[in-house]
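Colleague: Sequence and predicted structure are below.
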Amino acid sequence: MKKRILSIVLAGLLLAGVFAACVPAERQPAAPTGQTPPTGTPTPPPRGTIERGLTVGIQLETGTIVPGRHSSMTAGHKNSLTHNGLFRPHYYDLSPVEDIVASWAAISDTIFEFTIHEGIMFHNGVEMTAYDVVASLEYVRQFPYARAAHGSVAGAEVVDRYTLRIDTGEPNAMLFFDLAHTGNMIMPGALIDEGFDFSINPIGSGPFVFHDWRFGDSLTFTRFDNYFDEERAAHLEYVVWRIIPEGSSRTIALETGEIDYIVEVPFPDIPRLEASPDITVFQRPGVRLEFMALNNDLPMFQNVYVRRAIDMAIDREAEVIASVDGWGIPIFESVPMVLPGASGEGSRSFDPEGARALLEEQGIDPSTITFEMLAFNEEGRRRGEVIQSNLADIGIHTTIGMMDLAAFLAITSTMDYEAAFSSFTSSNLMSYFLGLMHENSIDGQNRARMRNPELTSLIDQAIATIDAPARMAVLEEASRVANEHAGYIPLHLSIMVRAFNSNLVAPEISASGLMYLNMAFWAE
């Protein structure tokens, strides 16, 4: 186990060099370009040669099919099939690269002009214009989940049919990352204006068209033959997302050919899948942070010493073994250390004796601290059992509550809960801070409801600092403040694992977990 963790950490250190390229280093944001991907990917056959679809097994059902309405990775998978943004994250280095944008220019430090490709068609047969982009950016403002990914856009206006300008209000290093976020994808402006219900039909311009949603069972998407980007048009005839909550059932379904691809691979089954010549197991260090959010609005969690004691009491290595069978990187820092600007200063280590002493020193009776930890999947339940035992060792009593993802997201976006297991992923450190810890993200992605004015001010300062070295210094200070605040409890970084039929070529799987299935194809 220790050997596996060490090798993963070393891989993560190498990954840090890759992500360093994601942050613009000049006074103006650098042109978003993706790093050259690894060589050796087979050449896809001509489209139409193999008329075959793909059936994907996924653990959780999305709570919505409308961009901007949901911050979960499950919804992000759907959005990448049916919609486009101005930019998209490059699968290899997570940098923002042009998607519907044909060209762009910085008019000033705060005004940027974007020209979109001509001839981009929505699924309803209407051509996309600059008005659709402006209307969509305005539309997502109303949703808390998208708000954190929309803060860089102070305003947008149409210049002509295919050109728009975005005003950041003040220098903002987040703009291109925000425009690549799945919450900022483009929908028909005319339908937005008339109050169209996108939850019935999420019309976009993506490589696949939404076909149907059989609640509790599956979602189906068909290839969009009028996709604007010929090089990224779908090879697959259709994609079916099968909802299979139980891990071993997903494994069996892949082995028997009932499905072709597993998103959440059951970790205990990985050795078995790796031994099969008919199955490919893909893995790489990930940037998804798994954590326990403590509701900082509750009196017991407003005490920083209580939060620090809980942090010190949790055995991360035991949590990783129990929840994901060792496929994770234990972490005590509040943000992924593989991202530029992250610092471990102010973080703690596993020290149950120190946790007990801290509570005694502060005059806190641990028996008065009781709370429920919410989870929405089997990994969360197992994680909770380890933490429940750890906290019992220092005198804190906890319970575990289970619910489905939709209910979990609904309740944890309010203050009506105590603690919850969740995760967050992004391509850059600013997004982590902005989403998880900024006061403006409360009721959105800041599920811990952290209220730290000093940290919020540092986050704002980092975002407004275009000079990369200066921004790194601010981010390091923000990391220290976040570590000392202990608003939520970091647990581990994910290891990205996917398993699929060995005849399938899936060349674009990112460290954040995003899959571009339009680029997947069958080799036979």
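Modeller: That came through fine.
Colleague: At the geometric centre of the protein, which residue sits there?
Modeller: For the chain, the residue sitting closest to the mean C-alpha position, by C-alpha atoms, centre = their mean, is Thr425 at 3.5 Å.
Colleague: That one: what's its closest spatial neighbour, skipping adjacent residues?
Modeller: Leaving aside its sequence neighbours, Thr425 sits nearest to Arg288 (C-beta to C-beta, 6 or more residues apart in numbering; 3.9 Å). Quick note: C-beta positions are derived from backbone N, CA and C, even for glycine.
Colleague: doesn't Ser512 make contact with the residue nearest to the centre of the chain?
Modeller: Yes. Taking contacts as C-beta atoms under 8 Å, Thr425 lies within contact range of Ser512: 4.5 Å.
Colleague: what is in contact with these two at once?
Modeller: 286-288 (C-beta atoms under 8 Å, 6 or more residues apart in numbering).
Colleague: Now render those residues as JSON lines, adding distance to Pro277 and neighbour count.
Modeller: Formatted as JSON lines, these follow (distance: C-beta to C-beta, whole Å; neighbours: other C-beta atoms under 10 Å):
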{"residue": "Gly286", "distance to Pro277": "26", "neighbour count": "24"}
{"residue": "Val287", "distance to Pro277": "31", "neighbour count": "25"}
{"residue": "Arg288", "distance to Pro277": "30", "neighbour count": "19"}
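Colleague: Which of those fall within strands?
Modeller: Using DSSP state E, the members of these that fall in strands are 286-288.
Colleague: and of those, the nearest to Ala180?
Modeller: Val287 (14.6 Å; C-beta to C-beta).
Colleague: Show me which residues of the host helix or strand of Ala293 are buried.
Modeller: Using DSSP states H and E, Ala293 maps to strand 279-294. Within strand 279-294, the residues scored as buried using 16 or more other C-beta atoms under 10 Å are 279-281, 283, 285-294.
Colleague: Next SSE downstream of that strand?
Modeller: Downstream of strand 279-294, the next assigned helix or strand under DSSP H and E is helix 304-313.
Colleague: CA atoms of that following helix as CSV?
Modeller: Taking Å, rounded to 0.1, in the frame of the first residue of the first chain, the C-alpha atoms of helix 304-313 are listed here in CSV:
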residue,chain,number,x,y,z
VAL,A,304,-11.8,26.8,14.9
TYR,A,305,-10.3,24.5,17.6
VAL,A,306,-13.1,22.0,17.1
ARG,A,307,-12.5,22.0,13.4
ARG,A,308,-8.7,21.6,13.9
ALA,A,309,-9.2,18.7,16.4
ILE,A,310,-11.5,16.9,13.9
ASP,A,311,-8.9,17.4,11.2
MET,A,312,-6.1,16.0,13.4
ALA,A,313,-8.2,13.0,14.5
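Colleague: Would you indicate which residues of it are buried?
Modeller: So helix 304-313, judged by 16+ other C-beta under 10 Å, has buried residues 306-313.
Colleague: what's the answer for stretch 262-273, then?
Modeller: Applying a neighbour-count criterion of 16+ other C-beta under 10 Å, one finds 262-267, 269-270, 273 buried in stretch 262-273.
Colleague: Which ones among the residues you listed lie within helices?
Modeller: If you go by DSSP state H, the buried residues of stretch 262-273 have 270, 273 in helices.
Colleague: just the buried residues of stretch 262-273 now: which is nearest Leu219?
Modeller: Distance to Leu219 across the buried residues of stretch 262-273 (C-beta to C-beta) is lowest for Val263, with 12.7 Å.
Colleague: tell me the contacts of the closest one?
Modeller: For Val263, the contact set (C-beta under 8 Å, 6+ apart) comprises 56-59, 77, 498, 515.
Colleague: switch to 6 Å and redo it
Modeller: Ile58 (C-beta atoms under 6 Å, 6 or more residues apart in numbering).
Colleague: what's the helix or strand for Gly401?
Modeller: strand 397-402.
Colleague: what's that strand packed up against?
Modeller: Applying 3 or more C-beta pairs under 6 Å, 6 or more residues apart in numbering; DSSP states H and E, we find strand 397-402 packed against strand 370-375, helix 378-393.
Colleague: those strands in the stretch 401-524 of the chain, which residues are they?
Modeller: Assigned by DSSP state E, counting those that start in this stretch, the stretch 401-524 of the chain shows strands spanning 419-424, 488-501, 504-505, 521-522.
Colleague: Out of those, which is closest to Tyr432?
Modeller: Closest to Tyr432 of these is strand 419-424 (C-beta to C-beta; 6.5 Å).
Colleague: just checking, next helix/strand downstream of the lowest-mean-pLDDT helix or strand in the chain?
Modeller: Within the chain, no helix or strand scores below helix 2-19, which has a mean of 34 by mean pLDDT, DSSP states H and E. Later in the chain than helix 2-19, the nearest helix or strand by DSSP H and E is strand 54-58.
Colleague: tilt between that following strand and strand 488-501?
Modeller: Angle, strand 54-58 to strand 488-501, by axes from the mean of the first three to the mean of the last three C-alpha atoms, to 10 degrees: 150 degrees.
Colleague: Residues contacting strand 54-58, please?
Modeller: With C-beta under 6 Å, 6+ apart as the test, strand 54-58 has contacts from 236, 239-242, 244, 250, 253, 259-263.
Colleague: Could you tell me which residues within stretch 119-127 count as buried?
Modeller: Quick answer for stretch 119-127 (16+ other C-beta under 10 Å): 120, 122-123.
Colleague: ditto for stretch 179-194
Modeller: 179-189, 191-192.
Colleague: so which pair among those residues is furthest apart in space?
Modeller: Farthest pair in the buried residues of stretch 179-194 (C-beta to C-beta) is Ala180 and Leu191. Separation: 23.1 Å.
Colleague: about what we covered before: please identify which of the buried residues of stretch 119-127 is nearest to Gln388.
Modeller: Of all these, His123 has the smallest distance to Gln388: 47.3 Å, by C-beta to C-beta.
Colleague: That closest one against Ile203, yeah?
Modeller: Yes. His123 is within contact range of Ile203, at 5.0 Å (criterion: C-beta atoms under 6 Å).
Colleague: List just the nearest of the buried residues of stretch 262-273 to Val386.
Modeller: Nearest to Val386 out of these is Phe267 (C-beta to C-beta; 14.6 Å).
Colleague: shouldn't that closest one be in contact with Asp325?
Modeller: Yes. With contact defined as C-beta under 6 Å, Phe267 counts as touching Asp325 (3.5 Å).
Colleague: re the thing from before, CSV for the buried residues of stretch 119-127, including secondary structure, distance to Thr222 and pLDDT?
Modeller: Conversion of the buried residues of stretch 119-127 to CSV gives the following (DSSP: H, G, I helix; E, B strand; the rest coil; distance: C-beta to C-beta, whole Å; pLDDT from 0 to 100):
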residue, secondary structure, distance to Thr222, pLDDT
Ile120, coil, 18, 98
Phe122, coil, 15, 98
His123, coil, 10, 98
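Colleague: Are we agreed that Gly132 is in a strand?
Modeller: Slight slip there: residue 132 is Asp, not Gly. No. With DSSP: H, G, I helix; E, B strand; the rest coil as the criterion, Asp132 is located in helix rather than a strand.
Colleague: what phi and what psi does the backbone show at the closest residue to Ala407 other than its chain neighbours?
Modeller: Leaving out its chain neighbours, the residue that sits closest to Ala407 by C-beta to C-beta, 6+ apart is Phe376, at 7.9 Å. When quoted as degrees, to the nearest 10, the phi and psi of Phe376 stand at phi -130, psi 0.
Colleague: To what extent is Phe376 buried, counted in neighbours?
Modeller: When neighbours are defined as other C-beta atoms under 10 Å, Phe376 has 23 of them.
Colleague: What score does it have for pLDDT?
Modeller: pLDDT, Phe376: 92.
Colleague: Could you verify my assumption that it touches Leu405?
Modeller: Yes. Applying C-beta under 6 Å as the test, Phe376 and Leu405 come out as touching, 4.9 Å apart.
Colleague: Looks like Glu524 contacts Leu504 (just checking).
Modeller: No. Using C-beta under 6 Å, Glu524 makes no contact with Leu504, being 9.4 Å away.
Colleague: For those two, indicate the residue with more neighbours.
Modeller: More crowded of Glu524 and Leu504, by other C-beta under 10 Å: Leu504, with 19 against 9.
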